[in-house]
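**Q** Here is a sequence with its predicted model. Questions after.
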Amino acid sequence: MKGIMLAALSRLKTPGLSSSDRFLRCFLAKEVLRVELSFFGVSLSPVRRPTVVGVRNVSTSTTLCDKSRGNPKKKEMSEKKLTRHFVDHRRVKLVAGSGGNGASSFHSEPRKEWGGPDGGNGGDGGSIIIKADRFVKSLAQVVPVYKGEDGQSGGSKNCYGRNGSPKYICVPLGTVVKEQGKMVVDLATHGQEYLAVFGGAGGKGNRFFLSNENRAPMTATPGTPGQERVLQLELRTMAHAGLVGFPNAGKSSLLRAISNAKPAVAAYPFTTLNPHVGIVKYRDHEQVAVADIPGIIRGAHLNRGLGISFLRHIERCRFLLFVLDLSAPEPWTHLQHLRYELDQYEPGLSQRPQAIIANKMDLPEALEKLEILKSHVTQRIIPVSALTGQNTEELILHLRELYDGYLQRDGSGESKPTRW
């Protein structure tokens, strides 16, 4: 066989050919060799590629083979995690940026001996501004210390330094800024700004001191330091109505029954540690915000059981919803204690438009206690059951009556009523 191949190549071997001709000659020699070998009954089998063991020809680009990547349902945060993320009080130290120093230099140019001073002024320091933002829900992102940007120093050739950029602190709506216990400003509208600290002024360059008496001043002043203040930020929940009651009275369950809010519910007191706001929607597209205030105990105005931090959120509520637990031995005494705590915290707070809600009507002894409660209270009482949803329609309609009355009172005055 070797002799046959050499004979075939010798017949096609021609000296002095180009590379393309040689390739053509080799291809023809291979075909001639294949024909001659087939004449003697020998076939040239193609070279087999080695197979890789353990690798399958599987495509994962199709939706049938691909893993399902649907958006999983977002898990509701526990009350402990909400407490960690929700902050309604901060003490911050604000230091504005200092001004840049002025430059002392003289103009230098060939064949110009008396160029004169050309030192530029320094830039002003950056101020710090507190801004109300409706998309921010907590003071958790506010850090203890803020430092403004310093202004750049001046340069030669009358170059002024760049001013420091202002720094913005975004806070939720309803944030009250205090200094040494006194209220400074109330940020209640979206986009409202308060300039807390001013940046320092930039220094003057020696060009500023040029005069007819002093043609070559060497004086350049440094920049002044920025203003420094220590402020207290307090968040007060912005809502139309506030659910006020003792711990474990069913306020969170009631908010779940009438709105779209999903606060944590459990069978032990002080389940709610932070206020939750739910929105009650009506057919005419009006929306009423209802806040679930954490439970208030006796002596709350003395800060027992974090009472002051809870009572703070009731100040902005335009009307109150007192939630009474009919499973208690004497629920009518709870109403008296709640009004007393509100008046001790702020005189006249319990006199706002209100509604009395008798919760847990699904209990066997609820009807008897409801009759006793009506004999002690002259106001309208709305019996409901947050667990079964009994009579929640009456509560929603009465809530709309309170809201319409609030719009009429505030709409007739100079203040604009708050709409959600």
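**A** The structure has been received and is ready for your questions.
**Q** my guess is residue 331 meets residue 324, correct?
**A** Yes. Proximity of residue 331 to residue 324 meets the contact threshold set by Cβ atoms under 8 Å, at 4.4 Å. To be clear about C-beta, it is placed using only N, CA and C from the backbone, and glycine gets the same treatment.
**Q** all strands of the stretch 51-200 of the chain, in order?
**A** When assigned using DSSP state E, counting those that start in this stretch, the strands of the stretch 51-200 of the chain occupy the ranges 89-95, 128-132, 145-147, 167-171, 175-179, 182-187, 193-197.
**Q** whoops, the stretch 201-350 of the chain was the one
**A** 228-235, 241-244, 276-281, 287-292, 319-325.
**Q** hang on, the earlier thing: now, of the strands of the stretch 51-200 of the chain, which is deepest in the fold?
**A** Here the criterion is mean neighbour count by mean count of other Cβ atoms under 10 Å, and of these the winner is strand 128-132, at a mean of 22.
**Q** okay, the angle between that strand and strand 193-197?
**A** Counting by axes from the mean of the first three to the mean of the last three Cα atoms, to 10 degrees, strand 128-132 points 150 degrees away from the direction of strand 193-197.
**Q** Which strands or helices does strand 128-132 pack on?
**A** strand 167-171, strand 175-179, strand 182-187, strand 193-197 (3 or more Cβ pairs under 8 Å, 6 or more residues apart in numbering; DSSP states H and E).
**Q** let's see 7 Å
**A** strand 167-171, strand 193-197 (3 or more Cβ pairs under 7 Å, 6 or more residues apart in numbering; DSSP states H and E).
**Q** Just checking: what are the partner strands of it?
**A** Taking DSSP bridges as the criterion, strand 128-132 sits next to strand 167-171 (parallel), strand 193-197 (antiparallel) in its sheet.
**Q** Contact partners for the residue lying closest to residue 142 once chain neighbours are set aside?
**A** Take residue 142 and drop its neighbours on the chain: the residue closest to it by Cβ to Cβ, 6 or more residues apart in numbering is residue 90, 4.7 Å away. Contact partners of residue 90, counting by Cβ atoms under 7 Å, 6 or more residues apart in numbering, are 139, 142, 233.
**Q** who's residue 90 bridged to?
**A** Counting by DSSP bridges, residue 90 forms beta bridges with residue 233.
**Q** Okay, it and residue 179: tell me how far apart.
**A** When distances are taken as Cβ to Cβ, to the nearest Å, residue 90 and residue 179 turn out to be 13 Å apart.
**Q** quick one: contacts for the closest residue to residue 140 other than its chain neighbours?
**A** Nearest-residue entry for residue 140: residue 87, 4.4 Å, with adjacent residues in sequence omitted and distances by Cβ to Cβ, 6+ apart. When contacts are counted by Cβ under 7 Å, 6+ apart, residue 87 touches 138, 139, 140.
**Q** Surely the second one and residue 171 touch.
**A** Put plainly, it is residue 139. Yes. The criterion here is Cβ atoms under 7 Å, and residue 139 meets it with residue 171 at 6.4 Å.
**Q** Spell out which residues are contacts of both of those two.
**A** A shared contact of residue 139 and residue 171, defined by Cβ under 7 Å, 6+ apart, is any residue touching both; here these are residue 233.
**Q** could the contacts of residue 87 go into a markdown table alongside pLDDT and distance to residue 206?
**A** Written out in a markdown table, the entries for the contacts of residue 87 read as follows (pLDDT from 0 to 100; distance: Cβ to Cβ, whole Å):
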| residue | pLDDT | distance to residue 206 |
| --- | --- | --- |
| 138 | 77 | 51 |
| 139 | 84 | 47 |
| 140 | 80 | 49 |
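**Q** Looking at these, state which has the most neighbours.
**A** Within these, most neighbours by other Cβ atoms under 10 Å means residue 139, with 19 neighbours.
**Q** Quick check: the gap between it and residue 260.
**A** 24 Å.
**Q** what does residue 123 give?
**A** Separation of residue 123 from residue 260 (Cβ to Cβ) stands at 50 Å.
**Q** quick one, which of the two is more surrounded?
**A** Using other Cβ under 10 Å, the more surrounded residue of residue 123 and residue 260 is residue 123, with 27 against 10.
**Q** Surely that one is in contact with residue 150?
**A** No. Distance between residue 123 and residue 150: 8.4 Å, which falls outside the contact criterion (Cβ under 7 Å).
**Q** okay, and the common contacts of the two?
**A** Residues within reach of residue 123 and of residue 150 at once, by Cβ under 7 Å, 6+ apart, are 100, 164.
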